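Asker: Below are the sequence and a predicted model for it; my questions follow.
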Amino acid sequence: MRIAVTGSIATDHLMAFSGRFADSLLSDRLDRVALSFLVEDLQIRRGGVAANISFGLGSLGLRPLLVGAVGEDFVDYRSWLERHGVDCSAVHTSELAHTARFICTTDVDQAQIASFYAGAMSEARGIELGPLHAESPLDLVMISPNDPQAMVRHTRECRQRGLPFAADPSQQLAWSDGPMVRDLIEGATYLFTNDYEAELIHSKTGWDADEVLRRVGVRITTHGKDGVVIDAGDAEPIQVQVVPARHIADPTGVGDAFRAGFLAGLAWEMGWERCAQVGCLLATHVIETVGTQEYVLRRREALARLADAYGDEAAAEVGVHLHHVRD
């Protein structure tokens, strides 16, 4: 199964604040916020939604096609991704702008305040999917947060060409208006959001849950520590609990890892419940690690955790596809 992952490619600057943001926010003064927080740690990591998802797929033995735009400072990052199984041949390099940057501070409650510099990402709107599909047919296109015009272009092109696509608007939902949100999810084979983003979709589109399901094939909604719910047509919802974390290091990139695991399950022709279980396994690896691409899968350990969380049958089915992963 050839999966193209479109979306942001960025460098993450991750900081830790030992207090609580909520203690410094005054509800009647939010229109004049002027705050700074003394952070105790700074980690500079590779990131970006599309790159994170692609890294996860590569870690699971697939070879995803990464589609996005970067600056000339991407050389080392490209080498890293290629070493981890990612096809970077479709990545566009800007001659003018730097690779995008994500700057995020996390407090002790795991609340986050972040900003994002788009940089070269804005040139992703010029990437055409047709030539990539003609070179080697695409079985699924993941459309993740990116330059807004690029997201719209890729979504419309998938519909026009009849390419199955997964809609993952996530961070871009906050500022998108109703017509744009409807455009981004209409006709998606899969729709990924968290529970808050799911409510944003209802609010901005005017579609209730039933109407959303009439517009997409399968809806996958993550609920943090409460797991995942999968809805499709008139079928009963499928609920999947998380793989328990041994400790929490940083939540950044957890959703990206879940998506990578779910997509890997699809490539392995597994059922949706099993796909979500693989996603939860990868997500837990990320939450236990600082950095979105710093985790390391160990076959024996990963399968043991799957067995503990979901049973021996789950571990046996997934284990067939992890023969390349070292113990």
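Answerer: Thanks, I have it.

Asker: so how many other residues sit close to residue 219?
Answerer: By other CB atoms under 10 Å, 24 other residues sit near residue 219. Backbone N, C-alpha and C define where each C-beta goes, glycine included.

Asker: Distance check, it against residue 188.
Answerer: Residue 219 sits 9 Å away from residue 188, going by CB to CB, to the nearest Å.

Asker: For the stretch 51-200 of the chain, which segments are assigned as helices?
Answerer: In the stretch 51-200 of the chain, the helices defined using DSSP state H, counting those that start in this stretch lie at 75-83, 130-135, 148-161, 178-185, 195-205.

Asker: Next: the stretch 201-327 of the chain.
Answerer: Counting by DSSP H, counting those that start in this stretch, the stretch 201-327 of the chain has helices at residues 209-215, 254-267, 272-287, 299-310, 312-319.

Asker: Which pLDDT does the model give the residue nearest to the spatial centre of the chain?
Answerer: Note on the chain: the residue nearest the mean C-alpha position is residue 256, at 2.6 Å, using CA atoms, centre = their mean. Note for residue 256: predicted pLDDT of 97.

Asker: how about the nearest residue to it, chain neighbours excluded?
Answerer: Nearest non-adjacent residue to residue 256, counting by CB to CB, 6 or more residues apart in numbering: residue 52, 3.7 Å away.

Asker: List the contacts of the one you found.
Answerer: 253, 256, 257, 260, 292, 293 (CB atoms under 8 Å, 6 or more residues apart in numbering).

Asker: mind pulling up the phi and psi values for the first one?
Answerer: Going back to what we said before, that points to residue 253. For residue 253, the backbone dihedrals (degrees, to the nearest 10) come out as phi 90, psi 0.

Asker: show me the contacts for it.
Answerer: Residue 253 is in contact with 47, 52, 286, 291, 292, 293, counting by CB under 8 Å, 6+ apart.

Asker: got the contact list for the residue lying closest to the last one once chain neighbours are set aside?
Answerer: Put plainly, it is residue 293. The shortest distance from residue 293 to any non-neighbouring residue, by CB to CB, 6+ apart, is to residue 55 (4.5 Å). Residue 55 is in contact with 46, 81, 84, 86, 260, 292, 293, counting by CB under 8 Å, 6+ apart.

Asker: Would you check how far apart residue 55 and residue 252 are?
Answerer: Relative to residue 252, and taking CB to CB, residue 55 is found at 13 Å.

Asker: Return every residue with contacts to both of the two.
Answerer: In contact with both residue 55 and residue 252: residue 292, using CB under 8 Å, 6+ apart.

Asker: Let's have the helices of the stretch 51-200 of the chain in TSV, adding mean neighbour count and mean pLDDT.
Answerer: Formatted as TSV, the helices of the stretch 51-200 of the chain follow (neighbours: other CB atoms under 10 Å; pLDDT from 0 to 100):
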stretch	mean neighbour count	mean pLDDT
helix 75-83	14	97
helix 130-135	13	96
helix 148-161	19	97
helix 178-185	18	97
helix 195-205	17	96
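
Asker: Please identify which of these is closest to residue 113.
Answerer: helix 195-205 (15.9 Å; CB to CB).

Asker: Which elements pack onto that closest one?
Answerer: helix 178-185, helix 209-215, strand 218-222 (3 or more CB pairs under 8 Å, 6 or more residues apart in numbering; DSSP states H and E).

Asker: helices or strands up against the first one?
Answerer: Applying 3+ CB pairs under 8 Å, 6+ apart, we find helix 178-185 packed against helix 148-161, helix 195-205, helix 209-215.

Asker: Please apply the same query to the last one.
Answerer: Under the contact definition 3+ CB pairs under 8 Å, 6+ apart, strand 218-222 sits against strand 190-194, helix 195-205, strand 228-231, helix 254-267, helix 272-287.

Asker: how big is the angle separating it from strand 190-194?
Answerer: For strand 218-222 against strand 190-194, the angle between stretch directions is 20 degrees (axes from the mean of the first three to the mean of the last three CA atoms, to 10 degrees).

Asker: Outside of strand 218-222 itself, list whatever touches it.
Answerer: For strand 218-222, contacts defined as CB under 8 Å, 6+ apart pick out 189-195, 198, 212-213, 228-232, 255, 258, 262, 272, 276.

Asker: Buried ones among the residues you listed?
Answerer: Among these, the ones that count as buried by 16 or more other CB atoms under 10 Å are 189-194, 198, 212-213, 228-232, 255, 258, 262, 272, 276.
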